[in-house]
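Participant: Okay, sequence plus prediction incoming.
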Amino acid sequence: MTAVTRRLAMAILNGFDAFFAEYKNITLGAQARFEAADWHGAQKAMRARLDLWKQKRAIVAEAAYTITGGSVESRDNWEEAKHEYAELIKHHDNYEIAQSFFNSIYCYVFKHEKIREQHTFAMTPAGHNGPMDSDSILRRYRFDGNNATEIVKQLLDNCEFNIPWEDQERDIGFIMDVVNRELMPRIPEGNTGEIIVETLESLFFRNKAAYLVGRVFSGDFSKPFVLPILHTENGSIFVDSLLHDPDDISILFSFSRSYFMVDASIPSEYVAFLRRLMPHKEIFELYNAMGMPKHGKTEFFRFAVNDTINSEDPYVIAPGIKGMVMLVFTRPDFGYVYKVIKDRFTPPKEMTRDHVKKCYSLVKRWDRGGRMADTQEFNNLAFDRRRFSDELMAELYKEVPSLIEENGNVLILKHVYIERKMTPLNLYLKDCDEQQLYSVMDEYGNAIKQLAAGNIFPGDMLLKNFGVTRHGRVVFYDYDEICPLTDCNFRALPEPKNDEQAMATQPWYEVKPEDVFPEEFRLFFSGNQRAKKVFDELHSDLYQPEYWRELQDRIRAGYVADVFPYRKKQRFQQRPF
C-alpha cells in the first residue's frame with residue numbers, strides 16, 4: 001500500500017463518518033418536529049437528508065483529486081485503496097453502509113463505467129452474514145398473566161414524549177380490547193408465564209405520525225405489532241390503532257411509502273429486528289424503509305445478481321400496453337421490471353429525456369403517500385446478452401439505440417430504472433369479479449385523491465399507468481407527466497356557441513400547457529364502460545374543477561394531508577381529521 005492510497009481510503013471513511021453524523025442529526029430532530037406538529041419542517045428535513053449523500057460524495061470526490069495529485073483515475077490506486085479501506089472499516093459499526101459510500105465515490109469518479117469487484121464492494125463480501133440482531137436496541141417486558149395493562153402503559157410512557165396524551169387511559173382500553181380479542185387467543189396454551197413483549201427503543205417517524213414497533217413472542221410463537229401515534233389539533237397525542245396483521249405491517253413498510261426517520265446508530269440492528277417481523281421482505285427493502293436508499297441500492301444490486309444467477313428465464317418485454325415514453329422489460333420469474341427512456345417518444349408525447357429524469361427524481365424526494373412506487377436508478381447496468389429474447393433485442397434497438405452497448409456476451413444499458421412489478425390496472429380489470437371491481441375502482445379513485453392531497457397531479461391517469469399490488473392496493477408508476485398539483489389550472493370545458501364549435505374535432509378554445517379539464521377524465525375509461533360506471537358511482541367528484549381548486553387553495557394555505565397506511569375501519573375512533 002502507498003501513502004496516497006492510505007490517504008485516499010481515510011478521506012473516504014472520514015467523508016462517510018461526516019455524512020452519517022449529519023444524517024443522524026437531521027433524524028434526531030424528528031421527534032421534536034412531531035411534537036411541534038411541524039409538518040412542513042418534517043418534509044424539508046426529509047428532502048435535506050436525501051440530499052446529504054450526494055453532497056458528501058461530491059466533497060470527498062474533490063478531495064480525492066487533490067490527495068492523488070491528479071492520478072485519481074488510476075484503477076490500480078483504487079484497487080489498493082479498497083484493500084486499505086476494508087481494513088479501516090473491519091470493525092466499524094456500519095461497515096456495510098461504509099462500503100456503499102466507497103462504491104459511490106468510485107462510481108462518481110469513473111462515471112459509473114467498468115465497475116468491477118476488484119475496485120469496489122459491488123458484491124457481498126465473504127463471511128458477511130447480513131444484519132445482526134442486538135438486544136441493546138430492545139425494551140423487554142415479561143407478561144405474568146395479569147400485568148398486560150401495566151405493560152401497555154409502560155410501552156406508552158417509555159415513548160418519552162414531551163407533550164401530553166389526550167387520554168392515555170382510554171387508549172390503553174382500546175389496545176387491551178384488541179389484545180384480549182385478537183392476540184391472547186392465538187398464544188399457545190401453557191406458555192402464559194413465558195410471554196415476552198419487546199419493542200425497538202426508537203420510534204419511527206413519517207408524515208404526521210410516530211410508530212412504536214415491536215412483537216409478542218412465546219417459544220416458537222411470534223406476533224408483530226405496531227402502535228401508530230397521532231397528533232390532535234390541540235397539541236396532545238393519542239394511539240390511533242393497533243396493527244398486528246403481518247400484511248398490515250408489510251403495507252406500513254411498503255415500497256410505495258416514504259422513508260422513515262428513526263434514531264438508529266447502527267441501522268443494520270434495526271433491519272435485523274424488522275426482518276424477524278417481516279421475513280418475506282428483502283434486506284434492501286428494509287434499508288430503504290429505514291431511510292438508507294443508497295445502501296438499499298447496493299443490497300438490491302446484490303439481490304438482483306444472485307436472483308439472476310439462480311434463474312434460467314429470459315428477459316422479455318413486460319406484459320401490458322407499450323408505453324409512449326418508456327420501454328419496459330422483465331423476467332417472468334423476477335418481481336421487478338426494468339424501464340428505459342426511449343430515444344424518441346410516441347406522439348402526442350412532447351418532452352425530453354431530462355424532463356422525464358426530473359419527474360422520477362421528484363418522486364424520489366416527494367411524500368409518496370403509499371400511492372407511488374419507489375425506483376432504483378442505475379447507470380451502465382450490465383446484462384447477459386444471451387438471456388434477451390430476439391423480440392426484446394429488436395425492440396431495444398428500435399426504441400433505445402443510444403442507450404445500448406454490446407461487448408461479446410455483455411449487454412450494457414446506459415440508464416435504467418428498476419421498479420416493483422405490479423399487475424397493470426387495465427389488465428387486472430379484465431379478469432376481476434364484481435366485488436374486486438368495486439374495490440379496485442375505489443382504490444383507483446382514492447389513489448388519485450391521495451396523490452392530489454399530497455400536492456401531486458399524475459397528469460396521465462390512464463388505467464395502464466396504475467398497478468395493483470398483491471395487497472389489492474392501486475399504485476401509480478408512470479411519472480413522465482407528473483407535477484405539483486398547485487402548478488395546474490383546473491378549468492371547466494367551455495360551452496360551444498354554435499354548431500361548428502360543437503362538431504369541431506380539435507379544441508376551438510385556447511388551451512395552455514398548465515390547463516386541465518377534469519370532465520375529460522371520463523376518457524380514461526375508453527373501452528371499459530363497466531369500470532367507468534363503478535368509478536362514476538364512487539368518485540364522480542373528480543370530474544368537477546371545483547374539487548381540485550378547493551384542494552389547491554387548502555394546500556396553498558399550508559394544509560398537509562394525513563396519510564394513513566391502514567384502513568379507516570382499523571382506527572380506534574373516527575375523527576374529523
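Facilitator: Looks like it arrived, so ask away.
Participant: I'd say L429 and Q529 touch.
Facilitator: No: judged on C-beta atoms under 8 Å, L429 makes no contact with Q529 at a distance of 11.3 Å. No exception for glycine: its C-beta is placed from N, CA and C like everyone else's.
Participant: Quick check on those two: which one has the bigger neighbour count.
Facilitator: Legend: neighbour count by other C-beta atoms under 10 Å for L429 and Q529, higher for L429 (21 against 9).
Participant: how about that one, secondary structure?
Facilitator: Following DSSP: H, G, I helix; E, B strand; the rest coil, L429 is assigned to helix.
Participant: buried set for the longest helix seen in the chain?
Facilitator: Counting residues, the longest helix found in the chain (DSSP state H) is helix 39-67. The neighbour-count check on helix 39-67 (16 or more other C-beta atoms under 10 Å) flags 39, 42-43, 45-46, 49-50, 52-53, 56-57, 60-61, 63-64, 67 as buried.
Participant: what is the rounded mean pLDDT of that helix?
Facilitator: Helix 39-67 comes out with an average pLDDT of 96.
Participant: helix or strand right after it?
Facilitator: Toward the C-terminal end, the helix or strand that comes next after helix 39-67 (DSSP states H and E) is helix 75-88.
Participant: what pLDDT, on average, does that next one get?
Facilitator: 93.
Participant: any idea which helix or strand comes after that helix?
Facilitator: Under the assignment DSSP H and E, the closest C-terminal helix or strand after helix 75-88 is helix 95-109.
Participant: Return the distance of that next one from the chain's centre.
Facilitator: Centre-to-centre, helix 95-109 and its host chain are 21 Å apart (C-alpha atoms, centre = their mean, to the nearest Å).
Participant: Give me the next element, helix or strand, following it.
Facilitator: Downstream of helix 95-109, the next assigned helix or strand under DSSP H and E is strand 138-143.
Participant: what's the following helix or strand after that next one?
Facilitator: Taking DSSP H and E, what comes next after strand 138-143 is helix 148-157.
Participant: so where's the protein shaky on pLDDT?
Facilitator: Within the chain, the segments meeting pLDDT under 70 span 1, 124-131, 188-193, 575-577.
Participant: Determine the number of other residues adjacent to M422.
Facilitator: 22.
Participant: For E282, see how far away it is.
Facilitator: 16 Å (C-beta to C-beta, to the nearest Å).
Participant: A30 too?
Facilitator: 25 Å.
Participant: more neighbours, these two?
Facilitator: Counted by other C-beta under 10 Å, A30 and E282 do not tie: A30 has more neighbours, with 25 against 16.
Participant: Phi and psi next, for that one.
Facilitator: phi -60, psi -40 (degrees, to the nearest 10).
Participant: Tell me which residues touch it, please.
Facilitator: Neighbour list for A30: A42, A45, F205, M261, V262, D263 [criterion: C-beta atoms under 8 Å, 6 or more residues apart in numbering].
Participant: so which strand or helix has L274?
Facilitator: helix 267-277.
Participant: For that helix, name the packing helices and strands.
Facilitator: Using 3 or more C-beta pairs under 8 Å, 6 or more residues apart in numbering; DSSP states H and E, the elements in contact with helix 267-277 are helix 95-109, strand 209-218, helix 283-289.
Participant: Of the ones you listed, flag the one that's most buried.
Facilitator: Scoring the helices and strands packed on helix 267-277 by mean neighbour count under mean count of other C-beta atoms under 10 Å gives helix 283-289 as the most buried, with a mean of 24.
Participant: and N379, that's in a helix?
Facilitator: No: counting by three-state DSSP, N379 falls outside a helix, being strand.
Participant: thinking again about what came up before, make CSV from the contacts of A30 and add distance to L277 to it.
Facilitator: Output for the contacts of A30, formatted as CSV (distance: C-beta to C-beta, whole Å):
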residue, distance to L277
A42, 25
A45, 26
F205, 18
M261, 19
V262, 14
D263, 19
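Participant: what domains does the record give for this structure?
Facilitator: Using automatic domain parsing, the domain parsing of the chain gives 3-109, 135-307, 311-421, 425-570.
Participant: What ranges does the stretch 301-450 of the chain have for its strands?
Facilitator: For the stretch 301-450 of the chain, the strands defined by DSSP state E, counting those that start in this stretch cover 316-317, 326-330, 336-341, 375-384, 404-407, 410-420, 423-424.
Participant: could you give the angle of the longest one to strand 336-341?
Facilitator: Strand 410-420 and strand 336-341 meet at an angle of 110 degrees, taking axes from the mean of the first three to the mean of the last three C-alpha atoms, to 10 degrees as the criterion.
Participant: isn't A452 right next to E550, touching?
Facilitator: No: A452 lies out of contact with E550 (C-beta under 8 Å); the separation is 10.7 Å.
Participant: Mind checking which of these two has more residues around it?
Facilitator: Neighbour comparison, A452 and E550: the larger count goes to A452, with 22 against 12 (by other C-beta under 10 Å).
Participant: Sticking with the more buried one, tell me its helix or strand.
Facilitator: Counting by DSSP H and E, A452 is found in helix 434-453.
Participant: Once you drop chain neighbours, what's closest to D248?
Facilitator: In space, and not counting its chain neighbours, D248 is closest to Y566: 5.7 Å by C-beta to C-beta, 6 or more residues apart in numbering.
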